[in-house]
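Chemist: This is a predicted model, with the sequence first.
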Amino acid sequence: MTIRNLTIRQLNIFDAVARNLSFSRAAEELHLTQPAVSMQIREMEASAGLALFERVGKKLYVTEAGVELLRYARDILRALSDAQEALDSLKGLGSGRINIAVVSTAKYFASELLAQFRRRHPAIELRLLVHNREALIEQMVANQVDLAIMGTPPEAPATRAEAFAPHPSVIIAAPDHPLAGEQRVPVTALANDTFLVRESGSGTRSAMQQFFAQRGATIRVGMEMASNETIKQAVMAGLGISFLSRHTIELELRSGRLVMLPVLGLPVVRNWHVVHLLAKRLSPSGMAFKAFVLERGRDILRATVGGE
């Protein structure tokens with residue numbers, strides 16, 4: 001047996017296992033059973049004559065042979081995706097599929113963005129993925145994403161990024177915080193506060209670190225959390241304060257469950273961008289979605305989550 005016998009289905013399974021480093025998560029993503037995924041990987045290893053994965057303790061790793069094969073597998077999958085887009089371009093906007101990824105902070109307005117685009121183009125199939133910044137970039141590199149909505153575009157790989165709306169970040173606290181209701185709070189006044197922060201790799205975490213570093217200030221980190229919702233609940237419970245996107249807290253501000261602290265230098269205003277790989281040739285449906293975001297994104301965001 002040789003790798004010439006590998007199927008596209010097997011390459012997709014191999015890619016999913018390598019990205020998730022888990023047979024069960026890959027099976028869930030592909031809507032397969034875990035035994036079916038394991039069987040396909042065993043068949044691939046038999047064809048390659050080498051192990052593609054190895055387990056050390058409870059963790060799964062890609063072997064050296066697996067890394068080498070994965071590079072070619074992704075090239076093949078990317079070429080097939082590009083071929084499909086070329087065929088879609090001959091069909092026009094009557095059909096097509098767009099894989100859209102957003103950073104987790106953008107999920108508060110992404111659904112409305114997609115809903116309004118769908119009203120214009122009901123025949124186009126949309127797939128929405130939500131990731132933190134690092135995972136989103138990995139998905140772009142693996143050609144799993146046509147277009148992404150994120151804050152700061154990556155330095156690598158090369159991308160085309162176009163801003164479509166302001167993205168302010170603020171410091172939030174429970175309504176009974178001692179600084180609530182004050183004006184022009186200096187950064188030094190936060191020295192004794194405990195910060196609840198997003199995980200490493202988050203764009204919000206990077207913006208927060210840059211804000212305090214520029215002012216020569218250090219903060220006391222109490223807990224790291226991977227969810228804006230979890231952070232908001234913890235802040236409301238009085239466990240600390242946090243630096244979050246203004247676009248994640250509109251409901252809590254209106255209901256009086258959270259307040260923004262008027263810290264000097266805030267809000268930090270970045271931009272939301274619609275991003276794709278520079279080498280990516282967008283299909284007509286992808287180009288239509290990008291144009292829609294640039295045309296309507298700002299207004300939809302303002303109407304959905306406010307914060308400007």
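Modeler: That came in fine, so what should we check first?
Chemist: wait, what's in contact with residue 232?
Modeler: Contact analysis of residue 232 by Cβ atoms under 8 Å, 6 or more residues apart in numbering lists 172, 242, 244, 248, 249, 252, 258. (Each C-beta comes from the backbone N, C-alpha and C, glycine too.)
Chemist: would you say the first one is within a strand?
Modeler: Yes: inclusion of residue 172 in a strand is indicated when DSSP: H, G, I helix; E, B strand; the rest coil is applied.
Chemist: From what I see, it and residue 260 are in contact.
Modeler: Yes: using Cβ atoms under 8 Å, residue 172 is in contact with residue 260, at 5.9 Å.
Chemist: Those two: who's more crowded?
Modeler: residue 172 (25 against 17; other Cβ atoms under 10 Å).
Chemist: ok, now how distant is the more buried one from residue 306?
Modeler: 14 Å (Cβ to Cβ, to the nearest Å).
Chemist: okay if I get the contacts of residue 232 as a markdown table plus distance to residue 211 and pLDDT?
Modeler: A markdown table is the format used below for the contacts of residue 232 (distance: Cβ to Cβ, whole Å; pLDDT from 0 to 100):
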| residue | distance to residue 211 | pLDDT |
| --- | --- | --- |
| 172 | 14 | 97 |
| 242 | 13 | 98 |
| 244 | 12 | 96 |
| 248 | 17 | 93 |
| 249 | 17 | 95 |
| 252 | 21 | 95 |
| 258 | 19 | 97 |
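Chemist: just for this structure, where's the confidence low?
Modeler: Within the chain, the stretches with pLDDT under 70 are 1, 85-86, 88-95, 307-308.
Chemist: all helices for it, in order.
Modeler: In the chain, the helices defined using DSSP state H lie at 8-20, 23-30, 34-48, 64-91, 107-120, 133-141, 203-214, 228-236, 250-255, 284-305.
Chemist: Kindly reformat those as JSON lines and extend each row with distance to residue 163.
Modeler: What follows is the helices of the chain, written out as JSON lines (distance: least, Cβ to Cβ, whole Å):
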{"stretch": "helix 8-20", "distance to residue 163": "29"}
{"stretch": "helix 23-30", "distance to residue 163": "31"}
{"stretch": "helix 34-48", "distance to residue 163": "40"}
{"stretch": "helix 64-91", "distance to residue 163": "25"}
{"stretch": "helix 107-120", "distance to residue 163": "15"}
{"stretch": "helix 133-141", "distance to residue 163": "16"}
{"stretch": "helix 203-214", "distance to residue 163": "14"}
{"stretch": "helix 228-236", "distance to residue 163": "22"}
{"stretch": "helix 250-255", "distance to residue 163": "21"}
{"stretch": "helix 284-305", "distance to residue 163": "9"}
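Chemist: Tell me which of those lies nearest to residue 55.
Modeler: Residue 55 sits nearest to helix 23-30 of all those, at 9.9 Å, using Cβ to Cβ.
Chemist: Identify the residues contacting the residue nearest to residue 298 when sequence neighbours are not counted.
Modeler: In space, and not counting its chain neighbours, residue 298 is closest to residue 165: 4.1 Å by Cβ to Cβ, 6 or more residues apart in numbering. By Cβ under 8 Å, 6+ apart, residue 165 lies in contact with 271, 272, 297, 298, 301, 302, 308.
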